[in-house]
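Enquirer: after the sequence you'll find the predicted model.
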Amino acid sequence: MSELGPGGMIAHRHRGGTVNGMEVSATFDVAVIGGGVMGSGTALHLARGGMRVVLIERGRLCRQASGANAGGMTMHDKPPVMIPYFLRARELWETSAEWLDGDAGYRQTGGFMLAFRDDEVALLENRLDERRAVGMPIEMVDAKRARAFEPGLSDHVIRATYCPLDGYGNSTLAGILYHVALESAGVDIREETEVSGIEGGAGAYEVPTASGVVAARRLVLATGVWLRPMARWLGLEFPILCDVKQMVVSERLPPIINTVMRTANQRLSVKQVANGTVLFGGGWPAIGDLARGGVEIIPASVVGNIRVALHAIPALAQARLVRAWIGLETYVADRMPVIGPLPGMDDAFIIGGMNGGYTLSPYMTRLLAQRILGHEPERPLFDPARLL
Ligand SMILES: Cc1cc2nc3c(=O)[nH]c(=O)nc-3n(C[C@H](O)[C@H](O)[C@H](O)COP(=O)(O)OP(=O)(O)OC[C@H]3O[C@@H](n4cnc5c(N)ncnc54)[C@H](O)[C@@H]3O)c2cc1C
């Protein structure tokens, strides 16, 4: 017997059934908490590896960062050590029909990182060699050549780096595909189910939710910006931080932009997606209070974002904006992934905290699943213990 949850209910472990009106599940091989791309991908690979998996999500699958993101897939500003991971992840998005049972909207467009000033050119030049050395096909182009790809670029752009592998995906579509693939892989998907604590340990975890207690031998924490309070339930204090990001989308427009573009000053990321809308964001913050859940758009951020966009692409002046929204992105001090077993535990794992997480997710979740299934991951994980 074991005492559980805020209601103080008593439950039998590992049996299933109902105790004190609260249903206790039969024991799963693994409970994945958080149904964004990290949790969904991990659950999918584990189920296909033969495990009995439950995926518990407070809202609906892939609606937080995994639905609010810009879907941009670019490597220009990523650390060289991450490039091989990005290259493989990009291939997986390209071949999503093979493992996600459908086209997740990936489009390879090529992409630029734009420089307006000499110091930005120097920054881009400095990045070239080490990225090429790890397999990224990146080159420096002058403004004339950049305009051959992107006739709408302004005269303010003086040089740029170009990578033909850049592109974008459709996060809404990916979420739908994950749902179908998880169901057909036999994952027990529990949406609208908030986890309120973690009990037990050492191969016998109990996860209280409003609709019952889930029993599992292993845990995967994949709750994005909510990882920090969740790790506290296991007695761990992870310095996992939250970036409150703002995005803007235009009405459908005739073709203006062919590639995905970012600026070296990190103030703009812009692309025109298949339906003609132009999506732009970048380093423009919104207000967010994670503890209370309140988020608020900052009008000055929207204006700043528009100004940088017009500075790079004047034709955007004709665009009417339809909507701005906010998404919460996880990061840690070194901006590297947090993926692997929790310190001191071999049956509880964490995944998150990475820059470019949407792009990386199909590969990082596959690597974590390999580890949980008892195999050596084909590339190294990123030890969460470094943060403690
Ligand atoms: C505005 C924005 C733009 C971005 N642009 C890009 C981009 O262009 N390219 C790129 O590669 N990446 C981008 N990212 C990053 C990318 O979206 C994230 O790295 C990725 O989606 C993180 O996935 P996740 O599954 O870890 O988190 P999330 O998608 O946030 O999923 C975590 C889930 O956990 C659930 N949860 C939390 N607490 C509980 C609980 N107690 N019980 C049950 N469930 C719980 C939440 O409801 C949520 O669904 C962007 C992010 C944002 C916010």
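Expert: Cool, the structure landed. Numbers count the residues shown, from 1 in each chain.

Enquirer: helices along this protein, start to end?
Expert: Read by DSSP state H, the chain holds these helices, from start to end of the chain: 37-48, 65-68, 83-94, 96-99, 118-133, 143-149, 171-184, 227-232, 299-312, 357-372.

Enquirer: remind me what the second one packs against, helices and strands.
Expert: With contacts defined as 3 or more Cβ pairs under 8 Å, 6 or more residues apart in numbering; DSSP states H and E, the packing partners of helix 65-68 are helix 37-48, helix 171-184, strand 321-331, helix 357-372. Placement of C-beta: from N, CA and C, glycine included.

Enquirer: tell me which of the ones you listed sits most buried.
Expert: helix 37-48 (a mean of 27; mean count of other Cβ atoms under 10 Å).

Enquirer: could you dump it to PDB, C-alpha only?
Expert: As requested, the backbone C-alpha atoms of helix 37-48 are provided in PDB (Å, rounded to 0.1, in the frame of the first residue of the first chain):
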ATOM      1  CA  VAL A  37       7.200  17.000 -29.800                       C
ATOM      2  CA  MET A  38       9.700  15.700 -27.200                       C
ATOM      3  CA  GLY A  39       7.200  13.600 -25.300                       C
ATOM      4  CA  SER A  40       5.300  12.500 -28.400                       C
ATOM      5  CA  GLY A  41       8.400  11.500 -30.200                       C
ATOM      6  CA  THR A  42       9.900   9.600 -27.200                       C
ATOM      7  CA  ALA A  43       6.600   7.800 -26.600                       C
ATOM      8  CA  LEU A  44       6.300   6.800 -30.300                       C
ATOM      9  CA  HIS A  45       9.900   5.300 -30.500                       C
ATOM     10  CA  LEU A  46       9.500   3.500 -27.100                       C
ATOM     11  CA  ALA A  47       6.200   1.900 -28.200                       C
ATOM     12  CA  ARG A  48       7.700   0.800 -31.500                       C
END
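
Enquirer: quick check: angle from that helix to helix 357-372?
Expert: Regarding helix 37-48 and helix 357-372, their directions subtend 30 degrees when assessed with axes from the mean of the first three to the mean of the last three Cα atoms, to 10 degrees.

Enquirer: helix 37-48 near the ligand anywhere?
Expert: Yes: with Cβ under 6 Å from any ligand atom as the measure, helix 37-48 is seen reaching the ligand through 37-39.

Enquirer: give the contact list for whichever residue of the stretch 101-250 of the chain sits closest to the ligand.
Expert: Nearest residue of the stretch 101-250 of the chain to the ligand: residue 224, at 2.8 Å (Cβ to the nearest ligand atom). Neighbouring residues of residue 224 by Cβ atoms under 8 Å, 6 or more residues apart in numbering: 34, 36, 38, 64-66, 328-330, 352.

Enquirer: now swap in residue 85 and tell me
Expert: Taking Cβ under 8 Å, 6+ apart as the contact definition, residue 85 lies against 360, 363-364, 379.

Enquirer: go on, residue 69?
Expert: If a contact means Cβ under 8 Å, 6+ apart, then residue 69 has 171, 327, 329, 357-358 as its contacts.

Enquirer: which of the residues you listed are close to the ligand?
Expert: Checking those against the ligand by Cβ under 6 Å from any ligand atom, the ones in range are 327, 329, 357-358.

Enquirer: in TSV, list these along with pLDDT and distance to residue 72.
Expert: Formatted as TSV, the entries for those read as follows, by pLDDT from 0 to 100; distance: Cβ to Cβ, whole Å:
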residue	pLDDT	distance to residue 72
327	90	13
329	91	12
357	96	11
358	97	8
